[in-house]
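In: prediction below, plus the sequence it came from.
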Number of protein chains: 2
Amino acid sequence: MSALSPPLPLRPGETLGILGGGQLGRMLALAAGRLGFDVAVLERDADSPAGRVAAHVIVGAYDDPEALKALAARARVVTYEFENVPAQAVQTLQQLGVEVAPGPEALAVAQDRITEKQFLNAAGAPTVAFRGADTPDEAVAAAEAMGAPVLMKTRREGYDGKGQRWIEHARDAAEVFRALGGRPVILEAPADFTRELSIIAARGRDGATAIYPLAENHHEGGILRRTLAPAIVSTALAEQAERIAVRVLEGLGYVGVIGIELFELADGRLLVNEIAPRVHNSGHWTQDGCSVDQFEQQVRAVCGWPLGPTMPHARIEMLNLLGDEVDQWARLAHDPDSRLHLYGKRVAQSGRKMGHVNKLRPL
Amino acid sequence: MSALSPPLPLRPGETLGILGGGQLGRMLALAAGRLGFDVAVLERDADSPAGRVAAHVIVGAYDDPEALKALAARARVVTYEFENVPAQAVQTLQQLGVEVAPGPEALAVAQDRITEKQFLNAAGAPTVAFRGADTPDEAVAAAEAMGAPVLMKTRREGYDGKGQRWIEHARDAAEVFRALGGRPVILEAPADFTRELSIIAARGRDGATAIYPLAENHHEGGILRRTLAPAIVSTALAEQAERIAVRVLEGLGYVGVIGIELFELADGRLLVNEIAPRVHNSGHWTQDGCSVDQFEQQVRAVCGWPLGPTMPHARIEMLNLLGDEVDQWARLAHDPDSRLHLYGKRVAQSGRKMGHVNKLRPL
């Protein structure tokens, strides 16, 4: 693609590129297919969940210049399914004339937990207190200053509870720092929360925003287990969450769907736990609860289409199917109120997200 | 696949074969993808709407033994998106151990308008009066016996109003017979109908049936233009339609989704116009009006899964986008009550079905 590319919106029949071939990429590709787009997936695995529903698969690493060139030759808009896309990959695509969304600012913020919290606080989206540490000694000093218990996380990478550990005594901070790989970390004060919520929001290329109702999330061992949505909340809480979402979207000049994880405190305040610059597991309920789900919304946003409505028509209980739980598909298929979404992954490793079920509940 | 294949249901991760690469195949493939299946499409065109969302594309004619063998090597269940699949193709697949659904009985009935009406009447599903004719003289005799006007159609093939002609005077029957290709025809008495309705129904491999509410259809130039569903009908009419659907499904020992086109007469009786042994254009409203749409229902039925519910959660006005009407996508994308379904066809020939829009209306 070159500077001669016609302006967006991307037209049906054109190709949307996706970095990443997992389940989020697959559900994005299915949504893009409904709207008449072709999809090109760039992914290391030649037989990926997303690749198997895409018109084009480019096999390669996300930082392989030849693979990125091949993607740019196919797609003049590219999005991604996970936040650890290398910044270099986005730059390379942009230099090749590709519109990448969400943009590099959102990626930079989401990839570094300290930058993320600094951005959030500056944008008026409150978080727990935190400190950074680059050495074992700094880690001990930070833990002493904050007072244990504190949660230590690697600054970069880590998901589903990986790369993090609670510290019960400040003196343990050096050992935990080393156990997490001896890399820069963030120490976070505990959030004395009563509920974990999340909000899925979108911003279009025209600056319009669309916000789904709050979802209530239940984790087990750091992995999302269950989402109830729309969550039962007061109007004030809903408005507080929407204000946070708009501040985050505007603050990043964001284009696309974002997942914002929130802690609800006993005093009714919301803190932002983290943001994910992509479609989000806690937004899967929208597939069967809303007329335009988070996947179509993401396609619309990044392709320069107007955003769709976010009003729910059903209450949903979303359950992740982890590892061999996916074998329950036959039983679930019999339940008239259960809608199955299976990812086509070849191997059901323990804890691996293999699918989910949206159970319909009256609104 | 061999006689050693495990019994159905087809498991997520296995491959569903589809004969035909058009929009119906595409929407079937997208539905199969949601349930974790891989899809293999057999289609003459290497760049087809369905092929572009399928894991495997086998390029070939439906009666090409090598192509059918390649399909059978991938898929132990095969379905199709159109009723003019050659009987030989189904036989070849069956000999290779493939489960083909709907079965050859349904295809044989749907491919011949006289066999179809004979079957329907025998099953207790009333139709207009009809006669067959194999020569120009027989055509004139039939038209004289029935009394003009009568509708002459080729016995086989023809869709969207092609291959048919009204005869105003019995003496014209010979000329029209020749104009339609000199092939065997059926002459049909006019149906003095007040409304065109259709019913989309399904039967599983376990013999269970599931029936969607009636839809009201409006044609222009023989092509479906607009569907309103659920149609506003009396309980008695709905029950009459459901009885017809069950008789047809049971009479054919059917497996899959069927579209049954109906005439509503002034006296409240329903006649069957024709049946389509596949997902049907007048069932597209289910994509946004029901929790399990006709495409997932078809995948469930042919793969040996239990059928899903057919209760609507919205009233839908479905409009086909024909030819360059598809260029309205940008305007329609702005309407919060319009859900777009575009097929990714490369060329917008006049009258060609390029997409459809489901407009949500309160139930």
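Out: That came in fine, so what should we check first?
In: for the rest of this, base every contact and every neighbour count on C-alpha atoms.
Out: Noted.
In: hey, where'd the helices end up in the stretch 201-350 of chain A?
Out: Along the stretch 201-350 of chain A, counting by DSSP state H, counting those that start in this stretch, helices occupy A:235-252, A:286-289, A:294-302, A:329-333.
In: deepest-packed of the ones you listed, please.
Out: A comparison of the helices of the stretch 201-350 of chain A by mean neighbour count, using mean count of other CA atoms under 10 Å in any protein chain shown, puts helix A:294-302 on top with a mean of 28.
In: can you list the residues that contact it?
Out: Applying CA atoms under 8 Å, 6 or more residues apart in numbering or on different chains, the contact partners of helix A:294-302 are A:27-28, A:31-32, A:77-79, A:100-102, A:200, A:202-205, A:255-257, A:278-279, A:283-284, A:286-287, A:306-308.
In: stretch A:99-116 now?
Out: Residues outside stretch A:99-116 that contact it (CA under 8 Å, 6+ apart): A:76-80, A:83-85, A:87, A:90-91, A:93-94, A:119, A:131-132, A:154-157, A:186, A:252, A:254-256, A:274-278, A:302.
In: just the buried ones from these, in ChimeraX syntax?
Out: A single ChimeraX command is used to select the members of those judged buried by 16 or more other CA atoms under 10 Å in any protein chain shown:
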select /A:76,77,78,79,80,83,84,85,87,90,93,94,119,131,132,154,155,156,186,252,254,255,256,274,275,276,277,278,302
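In: what about the contacts of stretch A:99-116, which are in strands?
Out: Taking DSSP state E, the ones among these that sit in strands are A:77-80, A:131-132, A:154, A:186, A:256, A:274-276.
In: where does pLDDT dip in the stretch 101-250 of chain A?
Out: Residues of the stretch 101-250 of chain A meeting the criterion pLDDT under 70: A:159-161.
In: again, only this time at 80
Out: Low-confidence regions of the stretch 101-250 of chain A, defined by pLDDT under 80, span residues A:158-162.
In: closest residue of it to chain B?
Out: residue A:210 (11.7 Å; CA to the nearest CA).
In: and that residue, how far from residue A:107?
Out: 20 Å (CA to CA, to the nearest Å).
In: these two: which has the busier surroundings?
Out: Under the criterion of other CA atoms under 10 Å in any protein chain shown, the comparison of residue A:210 against residue A:107 puts residue A:107 first, with 23 against 19.
In: sticking with that one, tell me its helix or strand.
Out: In this structure, residue A:107 sits in helix A:104-111 according to DSSP states H and E.
In: what distance separates the opening and closing residues of stretch A:220-231?
Out: Length of stretch A:220-231, first residue to last, CA to CA: 19 Å.
In: what's that stretch in contact with?
Out: Contacts to stretch A:220-231, defined as CA under 8 Å, 6+ apart, come from residues A:160-162, A:197, A:213-219, A:281-282, A:285, A:312, A:315-320.
In: chain center to it: distance?
Out: Taking CA atoms, centre = their mean, to the nearest Å, the mean C-alpha location of stretch A:220-231 is offset from the chain mean by 14 Å.
In: returning to that earlier point: quick one: buried ones out of the contacts of stretch A:220-231?
Out: When these are checked against 16+ other CA under 10 Å, the ones flagged as buried are A:197, A:213-218, A:281-282, A:285, A:312, A:315-320.
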